[in-house]
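Undergrad: predicted model follows, preceded by the sequence.
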2 protein chains.
Amino acid sequence: MNKGAQESERLLNHLRRKDKAAFRLLVEEMQPYDLEQFFLRLNEFERRRFLYLLETEEVATLLEECDLHTQRHIINSLGKHQIADVLALMSRDDVVDLLGSMESAERTNLLTQMEHREAAKVRALLDYPEDSAGGLMTDEFVSIHPKASVQDAVSLLRRKAEESETIYYLYVQQADGTLVGVLSLRELILAEPDQSIEEIMVERVISVPVNMDQEEVARIMSRYHFLALPVIDPARRLLGIVTVDDIIDVLIQEAEEDIQHLSGLTSGLDEQAVSSWRSAQKRIPWLMLLLAIGLATANLINLFQPTIAAVPALTAFMPMVAGMTGNAATQSLALIIQRLPHERTGVSFVAKMLKQEGLAGLLVSMVCSFLFVLLVALAFHQPRLGLVIGGAMFATLLLGTLIGTLIPLLLNRMNIDPTAASGPVITTLNDILSLLIYFGLATLFIDQLTHP
Amino acid sequence: MNKGAQESERLLNHLRRKDKAAFRLLVEEMQPYDLEQFFLRLNEFERRRFLYLLETEEVATLLEECDLHTQRHIINSLGKHQIADVLALMSRDDVVDLLGSMESAERTNLLTQMEHREAAKVRALLDYPEDSAGGLMTDEFVSIHPKASVQDAVSLLRRKAEESETIYYLYVQQADGTLVGVLSLRELILAEPDQSIEEIMVERVISVPVNMDQEEVARIMSRYHFLALPVIDPARRLLGIVTVDDIIDVLIQEAEEDIQHLSGLTSGLDEQAVSSWRSAQKRIPWLMLLLAIGLATANLINLFQPTIAAVPALTAFMPMVAGMTGNAATQSLALIIQRLPHERTGVSFVAKMLKQEGLAGLLVSMVCSFLFVLLVALAFHQPRLGLVIGGAMFATLLLGTLIGTLIPLLLNRMNIDPTAASGPVITTLNDILSLLIYFGLATLFIDQLTHP
């Protein structure tokens, strides 16, 4: 990493001194990620000079690496003719992502500057939803007819090596576009030059339908350890391929979304340059909901004022019971959310999870409430208070576990994303039910608590 | 998917009828993941027959796919001689993972059954920590001398294609083992047969040191979009490669750990067959801690009993303020945890985050507490109570945001994993400080609240 910093320092010197020869020598060996990192630290003036010194192909590579914000910035500082050239050299799925993020007028403008056939292909890809297999795929794959020979295939791959997204898989298509087989470059290298593709191809191709959700595509890719997955239409015609690097991005993005949802951020935050105001806007809805729930529970607690006045200690132990119940629910929620992608959620799965979590919840509740009763009896010398609050704790912990288990399973069966929606539902149910149990039980045993 | 189920049904029929020819025909086209899924649904008797009908190489493939529990099961039902053959055909990094999970006696036993040279290589790999680059890597890469020709390289790859983990990268090593370059198969295919490797190789190789943490390795792999990364020792000698499929497993595993930690599960749960009792054991420590914190806050609240007796409404609004404060802290925590891996945490990063989160927290606190004051004044006709509780809410929300921001940053700088440790620290600080502020403020303004 230190070596990288030195290199970047040298490149900056060459750039400032306009030493084009030395600059070119260094820049040609740089990886796309390093190009992007270098670009980000330049000032406006240096950026323009940097873009000027790059080959068109390198500008395309840089654009592929950047986030949308920086992409716009670069596009705006390129000449009109250069833009078309750059877009033609970029990976088509990256062009689609870039254009997809633009206003419709700007997008049309750029599409008209592109070469006609290229623009038509981009338009076709723009039609698919961003988070589906179609939105992830590129149409830059290599395909061949089943009757072709291994020799044909090798020379085809050599011709297509520059422009294709991956040459490590060769897809076998009939004349009408139907996907009938696949061959890895590894298998091709092992084959005899005059064998026919048909003879050696794998016919049982794992593929995904064009409308499959990207999370499901990622799951299939990680199960089968492929470097690319073919995307097909209902007639099994090959439309494109999704490559493993896009899947890694999906996995990182989905994990971040899960974490955000579980912590009550209403939607994803952009990584770069989030203004505090926008950040606040995303947090406020969830806090507003908590405020509303809080006002409802305040009214509920007010109903029990006579009990509280008679047993002031109830106030002191209330936060503990509420906090522990909320946490027991979150623990179950996290576990269910984690299992959901791996298993089908039939009735048997729901029953299995309920049994497993119910039993775990029972054990947890018993241990915690027993210990609490013991502590209050020994340390505070109030065995009756301990028994009543401990009883409430037992009931609310068990309830919290069951709510944390059932709600995500129910939401999932109703086709609502459980990572986003479980939090509010669970908090509301938990807060109201646990307070009712807590103060209800205390009211029931008020005589035992006030006449020691 | 439906097609897969039919296939699996047919295979089961062949297996039950002992129709070996039909079974072999179907099984040969199956993907490793599907083999494993099929195996998992078989009963004990069918499993034995299934293993008996598989080729040794297919048993090796099946073993590579399975989790440790099922691996043990398979190993135990194989003959001694067969075990050695199977292990020899498995990917060496998978053999290492399998042996690494065993008791030392069992491991030694298996190692002595293996071919001598193979066993020595496995022993060498067993020395690296499981979650480091060394623990992820395999030594089954293809390497060549810089003076060799492209033709030599192609025929070398053809010879090594079967046994290598990936043939899509060719690593260039000097006679002493130093890594001096890399070539992708794509570049090799485009080159002329008589060019020398030296001429066309990329000299600026991105590599990782053998002791690098697996999470950092995953980050580098996803930045550069490589299919494999070379692992080197301090003298730049090439020790092995980490492949992209291992990295996908790391990403999934790390995301699950983050989610578990953020929801207060003390450590990861195995996916398969978790007993409810073990599950409960992992949850109880965190709940015990909450119980202890709860007892401390109960004592704290008891100090304010005179204030609470004078203004009973304080009890009613307490859960709301505590809940919102806890949530504001979790929101900041999730955001920081997410950013941490992407940026270096120098002082400037800490300052930037503090400023950004502080400003967001200020906005959130102002909006929420203003709305609360308004609501209480209009709906409950208690403007003074609203002002005091609203003031406390403003202070605790801001404090919660700052605690949620600072604690993970501090823990990170102290080299403590913030995803695991932040939760308890933040909860403790939040609960105690927010109650102090809430009741403290009410006590300070007790005259205004009791003499309307």
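TA: Sure thing, it's come through.

Undergrad: quick one: name the residues of the stretch 351-452 of chain A near chain B.
TA: Where the stretch 351-452 of chain A comes near chain B, counting by Cβ under 8 Å from any Cβ of the partner chain, the residues are A:356-357, A:359-361, A:363-364, A:367-368, A:371-372, A:375, A:397, A:427, A:431, A:435. Every C-beta, even on glycine, is put in place using the N, C-alpha and C of the backbone.

Undergrad: what subset of these is buried?
TA: Among those, those classed as buried by 16 or more other Cβ atoms under 10 Å in any protein chain shown are A:356-357, A:359-361, A:363-364, A:367-368, A:371-372, A:397, A:427, A:431, A:435.

Undergrad: contact partners for the most centrally placed residue in chain A?
TA: The residue at the geometric middle of chain A, judged as the C-alpha nearest the mean C-alpha position with Cα atoms, centre = their mean, is residue A:254 (1.1 Å). With contacts defined as Cβ atoms under 8 Å, 6 or more residues apart in numbering or on different chains, residue A:254 is in contact with A:214, A:215, A:218.

Undergrad: among the residues you listed, who's most crowded?
TA: Within these, residue A:218 tops the neighbour count with 26 neighbours, counted by other Cβ atoms under 10 Å in any protein chain shown.

Undergrad: about what we covered before: right, and the pair among the residues of the stretch 351-452 of chain A next to chain B with maximum separation?
TA: The two members of those with the most space between them (Cβ to Cβ) are A:356 and A:375, at 29.0 Å.

Undergrad: secondary structure element for the residue nearest to the centre of chain A?
TA: With the criterion set as DSSP states H and E, the secondary-structure element containing residue A:254 is helix A:244-262.

Undergrad: avg pLDDT for that helix?
TA: The average pLDDT within helix A:244-262 is 81.

Undergrad: and that helix, what's buried?
TA: Here helix A:244-262 shows A:244-248, A:250-252, A:254-262 as buried, counting by 16+ other Cβ under 10 Å.

Undergrad: for the next helix or strand after it, packing partners?
TA: Along the chain past helix A:244-262, the next helix or strand (assigned with DSSP H and E) turns out to be helix A:276-303. Packing partners of helix A:276-303 (3 or more Cβ pairs under 8 Å, 6 or more residues apart in numbering or on different chains; DSSP states H and E): helix A:418-444, helix B:313-339, helix B:347-379.

Undergrad: export the ones you listed to JSON lines and tack on mean pLDDT and distance to residue A:96?
TA: Shown next, in JSON lines, are those (pLDDT from 0 to 100; distance: least, Cβ to Cβ, whole Å):
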{"stretch": "helix A:418-444", "mean pLDDT": "86", "distance to residue A:96": "26"}
{"stretch": "helix B:313-339", "mean pLDDT": "86", "distance to residue A:96": "26"}
{"stretch": "helix B:347-379", "mean pLDDT": "88", "distance to residue A:96": "32"}
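
Undergrad: among those, which comes closest to residue A:24?
TA: Of all the helices and strands packed on helix A:276-303, the one in closest proximity to residue A:24, counting by Cβ to Cβ, is helix B:347-379 (32.6 Å).

Undergrad: from the contact counts, what lies against that closest one?
TA: When contacts are defined as 3+ Cβ pairs under 8 Å, 6+ apart, helix B:347-379 packs onto helix A:276-303, helix B:313-339, helix B:383-413.

Undergrad: can you classify residue A:231 by secondary structure?
TA: Secondary structure for residue A:231, judged by DSSP: H, G, I helix; E, B strand; the rest coil, is strand.

Undergrad: just the strands in the stretch 101-250 of chain A please.
TA: Secondary structure of the stretch 101-250 of chain A, counting by DSSP state E, counting those that start in this stretch: strands at A:143-144, A:169-173, A:179-184, A:208-209, A:228-232, A:238-243.

Undergrad: quick one: closest of those to chain B.
TA: Shortest separation from chain B across those is recorded for strand A:238-243, at 8.7 Å, computed as Cβ to the nearest Cβ.

Undergrad: okay, the angle between that closest one and helix A:244-262?
TA: Orientation note: strand A:238-243 sits at an angle of 70 degrees relative to helix A:244-262 (axes from the mean of the first three to the mean of the last three Cα atoms, to 10 degrees).

Undergrad: give me the contact list for strand A:238-243.
TA: Strand A:238-243 is contacted by residues A:125, A:133-134, A:136-139, A:141, A:143, A:165-166, A:169, A:171, A:173, A:177-179, A:207-208, A:210, A:217, A:221, A:227-233 when judged by Cβ under 8 Å, 6+ apart.

Undergrad: orientation of that strand relative to strand A:228-232 in degrees?
TA: Here strand A:238-243 points in a direction 150 degrees away from that of strand A:228-232 (the same axes, to 10 degrees).

Undergrad: so which residues make contact with stretch A:357-374?
TA: Contacts to stretch A:357-374, defined as Cβ under 8 Å, 6+ apart, come from residues A:324, A:328, A:332, A:335-336, A:383, A:386-387, A:389-391, A:393-395, A:397-398, A:400-402, A:404-405, B:276-277, B:279-280, B:283-284, B:287-288, B:291.

Undergrad: how's chain A carved up into domains?
TA: A:2-127, A:143-259, A:276-450 (automatic domain parsing).

Undergrad: one step back: in a markdown table: the contacts of residue A:254, plus distance to chain B and pLDDT.
TA: As requested, those are arranged in a markdown table below (distance: Cβ to the nearest Cβ, whole Å; pLDDT from 0 to 100):
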| residue | distance to chain B | pLDDT |
| --- | --- | --- |
| A:214 | 14 | 90 |
| A:215 | 12 | 87 |
| A:218 | 9 | 90 |
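
Undergrad: looking at this, residue A:78 is in a helix?
TA: No. According to three-state DSSP, residue A:78 belongs to no helix; its state is coil.

Undergrad: any idea how many residues pack against it?
TA: Residues near residue A:78, counting by other Cβ under 10 Å, number 18.

Undergrad: so where does residue A:63 fall, helix or strand?
TA: Secondary structure (DSSP H and E) places residue A:63 in helix A:56-65.
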